[in-house]
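Peer 1: sequence? don't have it. structure:
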């Protein structure tokens, strides 16, 4: 089908149904090697002019012990080339091994102050995990320590579109 620009920019996971429950192997509730691995993601219909993509994954129902709901960052990924169409399952921590087009991708620190994907056991289930994919007109230059805050500041004025996938756990 010819692209007339009307197709929606979207983010999906072959392993997570839209608004569906996140499978155990992507959390601390998985078993052995099938535990806390990053889920596969795919995207479609990038906005025209997209050079790189960035992903921010947050628990948007995380309670602050002192009061309000404060989103908790599970994963930050920047400088994903627009030429690739997704990230494979277990991508987190393997960008160097995969090499090629994946080599320039950088994972940022989550709110546990560790780089890469992390999805711990939850005290209560039913939290919403929001995967946000940002289409950008340039590469991000964030230095050695990439964080959600630095990423969101850097994408100001460079965002061509965003796509969201919601999951629950």
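Peer 2: Looks like it arrived, so ask away. Bear in mind the structure is a predicted one, so any value in this text is a computation, not a measurement.
Peer 1: tell me where this structure has helices.
Peer 2: According to DSSP state H, the chain carries its helices in the segments 95-98, 148-154.
Peer 1: any idea which of those is most buried?
Peer 2: helix 148-154 (a mean of 16; mean count of other CB atoms under 10 Å). All C-beta atoms are positioned from the backbone trio N, CA, C, and that covers glycine.
Peer 1: any idea how far that helix is from the chain center?
Peer 2: Distance of helix 148-154 from its chain centroid, counting by CA atoms, centre = their mean, to the nearest Å, is 14 Å.
Peer 1: so for the closest residue in space to residue 21 that isn't next to it in sequence, what's the pLDDT?
Peer 2: Using CB to CB, 6 or more residues apart in numbering and skipping the chain neighbours, the partner closest in space to residue 21 is residue 168 (5.5 Å). With respect to pLDDT, residue 168 has a value of 89.
Peer 1: again, but for residue 1
Peer 2: pLDDT, residue 1: 38.
Peer 1: count of residues packed around residue 143?
Peer 2: For residue 143, the neighbour count with other CB atoms under 10 Å is 7.
Peer 1: quick one, what contacts it?
Peer 2: residue 150 (CB atoms under 8 Å, 6 or more residues apart in numbering).
Peer 1: now swap in the one 4 residues further on and tell me
Peer 2: Applying CB under 8 Å, 6+ apart, we find residue 147 in contact with 73, 76, 108, 109.
Peer 1: next one: residue 35
Peer 2: Neighbours of residue 35 in contact, by CB under 8 Å, 6+ apart: 25, 27, 28, 29.
Peer 1: repeat for residue 136
Peer 2: So residue 136 contacts 50, 51, 52, 53, 54, 155, 158, 159, 160 (CB under 8 Å, 6+ apart).
Peer 1: for it, give the beta-bridge partners.
Peer 2: Beta bridges link residue 136 to residue 52, residue 159, judged by DSSP bridges.
Peer 1: what separates it from residue 111, distance-wise?
Peer 2: The spacing between residue 136 and residue 111, counted by CB to CB, to the nearest Å, is 23 Å.
Peer 1: kindly report the same for residue 148.
Peer 2: Counting by CB to CB - residue 148 and residue 111 are separated by 8 Å.
Peer 1: distance from stretch 52-61 to the middle of the chain?
Peer 2: Distance, centroid of stretch 52-61 to centroid of chain: 4 Å (CA atoms, centre = their mean).
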